[in-house]
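Asker: give the three-dimensional model of this entry:
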Amino acid sequence: MTATDERTADAFDGSGSDADGGAASVREGATGYEQIILEPYVFTDPPAPSLLSVRLERRGPVVQVTLLGPGKGNAMGPQFWREIPVVFAALDADDSVRAVVLTGSGDNFCYGLDLRTMLEGIIGPNGTDVGLAHGRTRMLHKLRALQGALTAVANCRKPVAAAISGWCIGSGVDLLAACDVRYASANAMFSVREVKVGIVADLGSLQRLPAIIGDGHLRELALTGKDIDAIRAERIGLVNDVLPGPAATLAAAHAFADEVAANPPLVVEGVKEVLDAARSAAVDSGLRYVRAWNAAFLPSHDLSEAVNAFNERRPPNFTGR
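Answerer: Numbering: from 1, shown residues only. Down below sits the predicted model:
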């Protein structure tokens, strides 16, 4: 396979393992900053169980959430979807937290949904009952839960800054869309890739990105599934700024979080509430519509063809069935 094929394969399956590099703990490229000492974040009431999909650390009023994934590229497996709403509900409720920084471990931010572990839970065991009301209802409830996990990020009263390096694909873009601001490393790549694997993106990018990048840019990305680099992402407004490397990107996200944390917390909360009020009804309506659509139409020959083509390392042959 070519390098591009390998990336596509990894994005689909989420298998393998990244080097244990983690996020940088020094603000490189900035002046007037010392090394960041990030203390382990412990939920006070009740104590948090061990988290598998994320690592939580704090420095003063800022908490850093680092994606760990189940494998290569921090793919979003079952643990992520169980843990992320609990984590952000706890951050939302903790008055000592003023801002959140979200980043990925290793070389990439997020390869998106780990389809190999999640597909059966979405379309039913072996696809046997997906055409019946029970199977479609199961899928509807599953999609509601997945959407709710990312909505917990969007609804967090504490501003969330994302620091992105490497690949951000599919549901990783859904996660970015739920954040307040986004900073990218020069090596970052983005793709709303669901269309290429026979899926209507259903976890928030189609609902939240129009207010971020505009309708035309979103249609181009969502209808083609194309990859774009950090420069294009900045030009269309997907990211606020592009930094030279991962350490500088993380530093920019922390600098934003520090500035936010210095402001009156109730006023910051009010700003988020007012900004979200204008679009929240449209987002909620769009999420309801797409989960109903995918509950009805996601199980298809084209979805099976996408899975088979991936496993056989060949281009898919979609027939509209």
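Asker: going by C-alpha atoms from here, please, whenever you check contacts or count neighbours.
Answerer: Fine.
Asker: spatially nearest residue to the spatially most central residue of the chain, not counting backbone neighbours?
Answerer: The residue lying closest to the centre of the chain (Cα atoms, centre = their mean) is Leu175, at 2.5 Å. Spatially, and ignoring its direct neighbours in sequence, Leu175 is nearest to Leu150 (6.2 Å; Cα to Cα, 6 or more residues apart in numbering).
Asker: pretty sure that neighbour sits against Ala178.
Answerer: Yes: applying Cα atoms under 8 Å, one finds Leu150 in contact with Ala178, separated by 6.5 Å.
Asker: in this protein, what secondary structure element scores lowest on mean pLDDT?
Answerer: helix 3-13 (a mean of 37; mean pLDDT, DSSP states H and E).
Asker: quick one, phi/psi of the closest residue to Asn108 other than its chain neighbours?
Answerer: Take Asn108 and drop its neighbours on the chain: the residue closest to it by Cα to Cα, 6+ apart is Gly166, 4.2 Å away. Dihedral angles of Gly166 (phi, psi; degrees, to the nearest 10) stand at phi 70, psi -150.
Asker: Gly166: what's it in contact with?
Answerer: Asp107, Asn108, Phe109, Ser185, Asn187, Ala188, Met189 (Cα atoms under 8 Å, 6 or more residues apart in numbering).
Asker: of these, which belong to strands?
Answerer: If you go by DSSP state E, the contacts of Gly166 have Ser185, Met189 in strands.
Asker: in CSV: the contacts of Gly166, plus distance to Gly60, pLDDT and neighbour count.
Answerer: Formatted as CSV, these follow (distance: Cα to Cα, whole Å; pLDDT from 0 to 100; neighbours: other Cα atoms under 10 Å):
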residue, distance to Gly60, pLDDT, neighbour count
Asp107, 27, 93, 22
Asn108, 26, 95, 25
Phe109, 24, 97, 31
Ser185, 25, 98, 24
Asn187, 30, 97, 19
Ala188, 29, 98, 25
Met189, 31, 98, 22
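Asker: mind putting the contacts of Gly166 into CSV with distance to Leu223?
Answerer: Formatted as CSV, the contacts of Gly166 follow (distance: Cα to Cα, whole Å):
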residue, distance to Leu223
Asp107, 27
Asn108, 24
Phe109, 23
Ser185, 25
Asn187, 24
Ala188, 21
Met189, 17
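Asker: got the CA positions of whatever helix or strand Thr249 lives in in CSV?
Answerer: In the assignment (DSSP states H and E), Thr249 maps to helix 246-261. Extracted C-alpha coordinates of helix 246-261, given in CSV (Å, rounded to 0.1, in the frame of the first residue of the first chain):
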residue,chain,number,x,y,z
PRO,A,246,2.9,20.1,18.2
ALA,A,247,4.6,21.7,21.2
ALA,A,248,3.8,25.2,19.9
THR,A,249,0.2,24.2,19.1
LEU,A,250,-0.3,22.8,22.6
ALA,A,251,1.2,26.0,23.9
ALA,A,252,-1.3,28.2,21.9
ALA,A,253,-4.2,26.2,23.3
HIS,A,254,-2.9,26.6,26.8
ALA,A,255,-2.3,30.3,26.3
PHE,A,256,-6.0,30.7,25.2
ALA,A,257,-7.1,28.6,28.2
ASP,A,258,-5.0,30.7,30.6
GLU,A,259,-6.5,34.0,29.2
VAL,A,260,-10.0,32.6,29.6
ALA,A,261,-9.3,31.3,33.2
